[in-house]
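Peer 1: Next input, structure requested:
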Amino acid sequence: MMRSTIPALALALVAIVGGHLLDGGTLGALLHGTALLIVVGGSASAILLQTPRPVIRRGLELAACLRDADEQDPEPLIGTMVGHSRLARRDGFLALEPAALAETAPFQRLALEMLVDGVEPEELRKTLTLDLETYEARERQAGRIWESAGGYAPTMGIIGAVMGLMQVMQNLTEPAALGNGIAVAFVSTLYGVGLANLFLLPLSNLIKARIVEEVRRRRMLIEGFCAIAAGHNPRVVERRMRGHIGA
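Peer 2: I've put the predicted structure just below:
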């Protein structure tokens, strides 16, 4: 996922900076510390004011996870579940206890522990569905901080533009001081719109896509675990799981 994002972001930056240079502009004209401080600092402050600290922490974690995130192949997971099904049918649910102890993913470990405890399929489905809904709500709330930041950044750019124009108006009698104010005005707008549309909003959409993918994966697991709990044939377990991936 992230491997395709970096080249796309690089292409956008090359297109914008390259177009600016081809039009006779200079690289230095795009660099302005005051404008950057207004846009980044203002956007970050707005997010901090409206968002609880644990949600911000999780939002940062979601963004960091995208660095190494690739689309997961469901085949190994289906194979593992079919193996659990065969073992449970042959030796009983208690035979899944070593797998439950070795499992590192909290969702799968919860499901395996409930199977070992002999929980009925309907109760298993209710518990796992509730866990999934809680997960989805928590992740979506955390991911929304990037969407919010993408909304605030252009507004902060406009604030920077207004501040720059105010500086221009205050120094109309001093032509030498006009340049910095005009630079703040235009570069702030560029930073705000560029940051939102090239980074923050795409990052938000990537996180949403990752959450959707994980929710689908967990729904597939719920079907598999409930089929195992009901004592279905391993082929039934496999077919139910494949129904969630269209295979």
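Peer 1: Can you identify the element that follows the helix or strand hosting Val168 toward the C-terminus?
Peer 2: Using DSSP states H and E, Val168 falls within helix 121-170. On the C-terminal side of helix 121-170, the nearest following helix or strand under DSSP H and E is helix 178-195.
Peer 1: Give me the angle between that following helix and helix 121-170.
Peer 2: 170 degrees (axes from the mean of the first three to the mean of the last three CA atoms, to 10 degrees).
Peer 1: As a quick check, tell me the outermost residue of this protein.
Peer 2: Computed with CA atoms, centre = their mean, the residue of the chain farthest from its C-alpha average is Thr173, at 49.9 Å.
Peer 1: From the contact counts, what lies against the helix holding Val168?
Peer 2: Packing contacts for helix 121-170, counted by 3 or more CB pairs under 8 Å, 6 or more residues apart in numbering; DSSP states H and E, involve helix 33-36, helix 42-50, helix 53-65, helix 106-116, helix 178-195, helix 201-229. The C-beta positions use only the backbone N, C-alpha and C, and glycine is treated the same way.
Peer 1: repeat that for 7 Å
Peer 2: helix 42-50, helix 53-65, helix 106-116, helix 178-195, helix 201-229 (3 or more CB pairs under 7 Å, 6 or more residues apart in numbering; DSSP states H and E).
Peer 1: Centroid-nearest residue for the protein?
Peer 2: Ile207 (2.0 Å).
Peer 1: which residues touch that residue?
Peer 2: Leu62, Ala63, Leu66, Gly143, Trp146 (CB atoms under 7 Å, 6 or more residues apart in numbering).
Peer 1: what's the burial count for the first one?
Peer 2: Each residue near Leu62 was counted by other CB atoms under 10 Å, and the total is 22.
Peer 1: Per-residue pLDDT of the closest residue to Leu195 other than its chain neighbours, please?
Peer 2: Closest residue to Leu195 apart from its sequence neighbours, by CB to CB, 6 or more residues apart in numbering: Ala153 at 4.6 Å. Looking at Ala153, its pLDDT is 95.
Peer 1: switch to numbering from 454
Peer 2: Got it, the first residue is 454 from now on, which makes the last one we talked about Ala606.
Peer 1: Please identify which of the helices and strands packed on helix 574-623 is closest to Ile611.
Peer 2: Taking CB to CB, helix 631-648 is the member of the helices and strands packed on helix 574-623 nearest to Ile611, at 6.6 Å.
Peer 1: lowest average confidence, helix or strand, in the chain?
Peer 2: helix 455-475 (a mean of 72; mean pLDDT, DSSP states H and E).
Peer 1: what's the angle between that one and helix 631-648?
Peer 2: Using the same axes, to 10 degrees, helix 455-475 lies at 150 degrees relative to helix 631-648.
Peer 1: angle of helix 455-475 against helix 506-518?
Peer 2: 80 degrees.
Peer 1: one step back: if any of the contacts of Ile660 are buried, put those into a PyMOL selection.
Peer 2: To isolate the buried ones among those in PyMOL, judged by 16 or more other CB atoms under 10 Å, type:
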select buried, resi 515+516+596+599
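Peer 1: Kindly state the pLDDT recorded for Glu524?
Peer 2: pLDDT for Glu524: 65.
Peer 1: Can you get me a residue count around the residue nearest to Ala614 when sequence neighbours are not counted?
Peer 2: Closest residue in space to Ala614, ignoring its immediate chain neighbours: Ala638 at 4.4 Å, by CB to CB, 6+ apart. Each residue near Ala638 was counted by other CB under 10 Å, and the total is 22.
Peer 1: residues contacting Ala638?
Peer 2: Ala614, Gly617, Leu618.
Peer 1: hmm, try it at 8 Å
Peer 2: The contact partners of Ala638, by CB atoms under 8 Å, 6 or more residues apart in numbering, come to Gly613, Ala614, Val615, Met616, Gly617, Leu618, Val621.
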